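Peer 1: with the input below, show me the fold.
(one chain, ligands or ions: 1)
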Amino acid sequence: MPHDSHGRSSADASAPGALLADYDVQDVIEKDRKHLWHHLFQHRILETRDPQVFVEGHGARVRDIHGKEYLDGASGGVWCVNVGHGRESIARVVYEQLKRLPYYAGVVGTVPAAQYASALAEWMPGLDHMFFANSGSEANEKAFKMVRQIAHLNGNRKSKVLYRDRDYHGTTIACLAASGQEERKEAYGPFPDGFSGFPHAMCYRCPFGKTYPDCDIECARALGDAIEEEGPETVGAVILEPITAGGGVIPPVDEYFSIIREICDEYDIILIVDEVVCGFGRTGTMFGFEHYDFVPDIVTMAKGMASSYAPISAAAVRGEVFDRFLADPDEKFHYFRDISTYGGCTSGFAAALENLRIIEEEDLIGNSRVMGAYLQDRLRELLDHDHVGDVRGKGLFAGVELVEDKATKAPVSEDVMTAVVGKAAEEGVLVGRTTRSIPGLNNTVTIAPPLIVTRADIDELVEAVKTGIEYGCREL
Ligand SMILES: Cc1ncc(COP(=O)(O)O)c(C=O)c1O
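Peer 2: Take a look at the predicted model:
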């Protein structure tokens, strides 16, 4: 967007976004510095530099308030603008829906809620009921409440939820309790009872010191050990990301989830799969679990659902789960006693319906698969670099783990990671990194561009990451 000599934007007042067109750059920066509490951010940094402020985006590119353009290799920073920025058709359907009916509480139906629930069910193998909310955390909270209420309805103690090291399930206290990222949890305890962890599934740093395929997939079998340890009569569910995202981009090996499924069946345990990041094409399939041979009982989702044009999330459940809440209608506790006010906002359903139409019509899942394979190949070329220890991922979701020494796998410091990602941004490419999550192991660059990217975009992205790594690791 052009600026006049006073830093005032000069967008055409009739253009989309005109509402926000007339601003003064320094004024916005000062308002931000004084009043905006940025997420996951140490504000003392702003004593010596300006906050980063973004203004607009089109496709896979975003522009900051100074007019610098970036290739958005993080899809909005947290891997969620799957269909890319600036989609007028989403804005239009949301506008039309808001004019017609902005809201009605989820105790009743609305036209877009019913239409979206049905469209989503088409993509789900037998998960045919959708409970809607607003954020990924909330969707997971719903799943935990379902598990606890089912234990109550069944008159048993099977209410504990097991989670995997390195997985993240959200920001609320229960979701943090169910997350395997000790640094993220620090300072937020005490946590509620009923959540317990088991080992992660990353081959590069195998928790059992083994090497695939001669490992008997011990990381999956560890779930059985954890259930035995906790007491099978107390465990109601396990929650897993299909591919660990913020914990380092970790796709488990092919056999992993069929073993997990078998264990869940053996112990009568609900298998919750958290697709908040992997859902909606991110990994080259509609949902991450489709890479593996199993069907979950509950699938939670958010981010890519409406590509974050509007807040919406869901817990999709199998008929068997839904049916457990259908018992005697005279009993006062025999229905799911849960509501979120904003689970009834029609803008989210309208945006999600259009988002789904775009994904299908433009075959963005196919593009994620094809461009994703190219991205993974190009990134694997970086393994020649002295400080690239591992490259992981599926589809348009990749992680590059940086180490000081390939033999010892000693991780690089967070300062090195800051330099790597900062240099890539200077080169005009935004990528992410694991931060303050896994004690001592926040050393993975994360890459997740919008699903519309081209080969040329990927070449640009990989070159910038390479430059960032060379710069960040130059003194090691
Ligand atoms: C796998 C996973 N689950 C849940 C969440 C929480 O989602 P939200 O921030 O929308 O609450 C996140 C957020 O990044 C996530 O990565």
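
Peer 1: leaving out chain neighbours, which residue sits closest to the residue nearest the centre of the chain?
Peer 2: Centroid check for the chain by CA atoms, centre = their mean gives Val277 as the closest residue, at 2.5 Å. Leaving aside its sequence neighbours, Val277 sits nearest to Ala245 (CB to CB, 6 or more residues apart in numbering; 3.9 Å). The way it works is simple: take the backbone N, C-alpha and C, and place the C-beta from them, glycine included.

Peer 1: what is the neighbour count of the one you found?
Peer 2: Number of residues near Ala245 (other CB atoms under 10 Å) recorded here: 28.

Peer 1: hmm, Val25 is touching Val55, no?
Peer 2: No. With contacts counted by CB atoms under 8 Å, Val25 stays clear of Val55, the gap being 9.4 Å.

Peer 1: give me the below-cutoff pLDDT ranges for the stretch 251-400 of the chain.
Peer 2: For the stretch 251-400 of the chain, no stretch is flagged by pLDDT under 70.

Peer 1: what residues does it put near the ligand?
Peer 2: The stretch 251-400 of the chain comes close to the ligand at residues 274, 276-277, 302, as judged by CB under 6 Å from any ligand atom.

Peer 1: highest neighbour count among these?
Peer 2: Neighbour tally across these (other CB under 10 Å): the maximum, 32 neighbours, falls on Asp274.

Peer 1: phi, psi of it?
Peer 2: With angles defined as degrees, to the nearest 10, Asp274 sits at phi -90, psi 100.

Peer 1: that one reaches Ala237, doesn't it?
Peer 2: No. Using CB under 8 Å, Asp274 makes no contact with Ala237, being 11.6 Å away.

Peer 1: measure Ile90 to Val55 for me?
Peer 2: Using CB to CB, to the nearest Å, one gets 19 Å for the distance from Ile90 to Val55.

Peer 1: so these two - more neighbours on which side?
Peer 2: Ile90 (23 against 19).

Peer 1: quick check: that one touching Ser308?
Peer 2: No. Contact criterion CB under 8 Å: Ile90 and Ser308 do not qualify, at 10.3 Å.

Peer 1: identify the residue of this protein closest to the ligand, quick one.
Peer 2: Per CB to the nearest ligand atom, Gly136 is where the chain lies closest to the ligand, at 2.3 Å.

Peer 1: residues touching that residue, list them.
Peer 2: 169-170, 274, 276, 300-303, 313 (CB atoms under 8 Å, 6 or more residues apart in numbering).

Peer 1: also Asp128?
Peer 2: Contacts for Asp128 were tallied using CB under 8 Å, 6+ apart; they are 121, 316, 318-319, 322.

Peer 1: for it, grab phi and psi.
Peer 2: Main-chain torsions, Asp128, degrees, to the nearest 10: phi -110, psi 0.

Peer 1: can you check Gly440 too?
Peer 2: phi 70, psi 0.

Peer 1: got the contact list for it?
Peer 2: Gly440 neighbours (CB under 8 Å, 6+ apart): Pro411.

Peer 1: could you pull out the helices for the stretch 101-250 of the chain?
Peer 2: Remark: helices assigned in the stretch 101-250 of the chain by DSSP state H, counting those that start in this stretch are 111-121, 136-154, 173-177, 182-185, 218-230.

Peer 1: and the ones you listed, which is most packed in?
Peer 2: Compared across those, helix 136-154 shows the largest average neighbour count, a mean of 22 (mean count of other CB atoms under 10 Å).

Peer 1: rounded mean pLDDT for that helix, please.
Peer 2: For helix 136-154, mean pLDDT rounds to 97.

Peer 1: what's stretch 464-476 in contact with?
Peer 2: Stretch 464-476 is contacted from outside by 71, 73, 379, 382, 385-388, 400, 402, 404, 412, 416-424, 427-429, 431, 445, 447, using CB under 8 Å, 6+ apart.

Peer 1: kindly recompute the last result at 7 Å.
Peer 2: Here stretch 464-476 makes contact (CB atoms under 7 Å, 6 or more residues apart in numbering) with 382, 385, 387-388, 400, 402, 404, 412, 416, 419-421, 423-424, 427-429, 431, 445, 447.

Peer 1: ok so, going back, which one, of the helices of the stretch 101-250 of the chain, ends up nearest to Gly372?
Peer 2: Smallest distance to Gly372 across these (CB to CB): 21.8 Å, for helix 136-154.

Peer 1: then that closest one to CSV, C-alphas only?
Peer 2: Presented in CSV, the C-alpha positions along helix 136-154 are these (Å, rounded to 0.1, in the frame of the first residue of the first chain):
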residue,chain,number,x,y,z
GLY,A,136,-9.0,-25.3,19.3
SER,A,137,-8.6,-25.2,23.0
GLU,A,138,-12.3,-25.1,23.5
ALA,A,139,-12.9,-28.0,21.1
ASN,A,140,-10.5,-30.1,23.2
GLU,A,141,-12.2,-29.0,26.4
LYS,A,142,-15.5,-30.2,24.9
ALA,A,143,-13.9,-33.6,24.2
PHE,A,144,-12.6,-33.8,27.8
LYS,A,145,-16.0,-32.9,29.1
MET,A,146,-17.6,-35.6,26.9
VAL,A,147,-15.1,-38.2,28.3
ARG,A,148,-15.8,-37.2,31.9
GLN,A,149,-19.6,-37.2,31.4
ILE,A,150,-19.5,-40.6,29.7
ALA,A,151,-17.7,-41.9,32.7
HIS,A,152,-20.4,-40.4,34.9
LEU,A,153,-23.2,-41.9,32.8
ASN,A,154,-21.5,-45.3,32.8
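
Peer 1: how about low-confidence regions in the stretch 101-250 of the chain?
Peer 2: For the stretch 101-250 of the chain, no stretch is flagged by pLDDT under 70.

Peer 1: wasn't Val400 part of a strand?
Peer 2: Yes. Assessed by DSSP: H, G, I helix; E, B strand; the rest coil, Val400 belongs to a strand.

Peer 1: pull the number of nearby residues for the residue lying closest to it once chain neighbours are set aside.
Peer 2: Nearest-residue entry for Val400: Val445, 4.4 Å, with adjacent residues in sequence omitted and distances by CB to CB, 6+ apart. The tally of other residues near Val445 (other CB under 10 Å) stands at 27.

Peer 1: go ahead and confirm Val445 touches Leu430.
Peer 2: No. With contact defined as CB atoms under 7 Å, Val445 does not reach Leu430; the gap is 11.4 Å.

Peer 1: need the contact list for the residue nearest to the centre of the chain.
Peer 2: With contacts defined as CB under 7 Å, 6+ apart, the neighbours of Val277 are 79, 241, 245, 303.

Peer 1: can you list the residues of the stretch 51-200 of the chain near the ligand?
Peer 2: So the stretch 51-200 of the chain meets the ligand at 78, 135-137, 140, 168-171 (CB under 6 Å from any ligand atom).

Peer 1: care to break the chain down by domain?
Peer 2: Annotated domains of the chain cover 52-81+364-472, 89-361 [automatic domain parsing].

Peer 1: quick one on the thing from earlier: can I get the contacts of Gly136 in JSON lines with distance to Pro213?
Peer 2: Compiled in JSON lines, those are given as follows (distance: CB to CB, whole Å):
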{"residue": "His169", "distance to Pro213": "29"}
{"residue": "Gly170", "distance to Pro213": "33"}
{"residue": "Asp274", "distance to Pro213": "26"}
{"residue": "Val276", "distance to Pro213": "30"}
{"residue": "Thr300", "distance to Pro213": "31"}
{"residue": "Met301", "distance to Pro213": "31"}
{"residue": "Ala302", "distance to Pro213": "34"}
{"residue": "Lys303", "distance to Pro213": "33"}
{"residue": "Ser313", "distance to Pro213": "36"}
